[in-house]
Each structure stands twice: as C-alpha cells, then as structure tokens.
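# Next one to model:
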Amino acid sequence: MGAGKSTVGRIVADSVGAPFIDLDDRVVAAAQERGLTVHSVVEIF
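Residues are numbered from 1 along each chain as shown. Presented below is the predicted three-dimensional model:
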C-alpha cells in the first residue's frame, strides 16, 4: 500500500535486535506455493 510499514518495521527490528519478517512477502510466497494469486487469497479471507 505504500504506507511505509516495511520501512518502519525494519528500523524497529534493527533497533531492538530482532529479525524483520515482511508479512507481505510471506503472503505472496504462501499464495504462490498453493497456485493462488494474492488477490484470490484476499477474496477468500
């Protein structure tokens, strides 16, 4: 969506020494593994 969530998430994760996990990337990967599009996943849920 371009709101800066991933940018801020990376900064916060770095500041507390935690790994950053981009959920957008996870959703895309999970959809592709199942032969789905992200659009179809959003429609389901």
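# can you map out the strands along the chain?
With DSSP state E as the criterion, the chain has no strands.
# where does it have low pLDDT?
Scanning the chain for pLDDT under 70 picks out 1.
# What ranges does this structure have for its helices?
Secondary structure of the chain (DSSP state H): helices located at 5-16, 23-33, 38-44.
# Can you tell me the closest non-neighbouring residue to residue 10?
residue 20 (4.8 Å; Cβ to Cβ, 6 or more residues apart in numbering). For the C-beta atoms, the positions are set from N, CA and C on the backbone; glycine is no exception.
# Please report the number of neighbouring residues for the one you found.
11 (other Cβ atoms under 10 Å).
# Run a quick neighbour tally on residue 27.
Residue 27, neighbours per other Cβ under 10 Å, totals 13.
# what's the spacing between it and residue 15?
25 Å (Cβ to Cβ, to the nearest Å).
# I figured residue 22 hits residue 6, correct?
Yes - using Cβ atoms under 8 Å, residue 22 is in contact with residue 6, at 5.4 Å.
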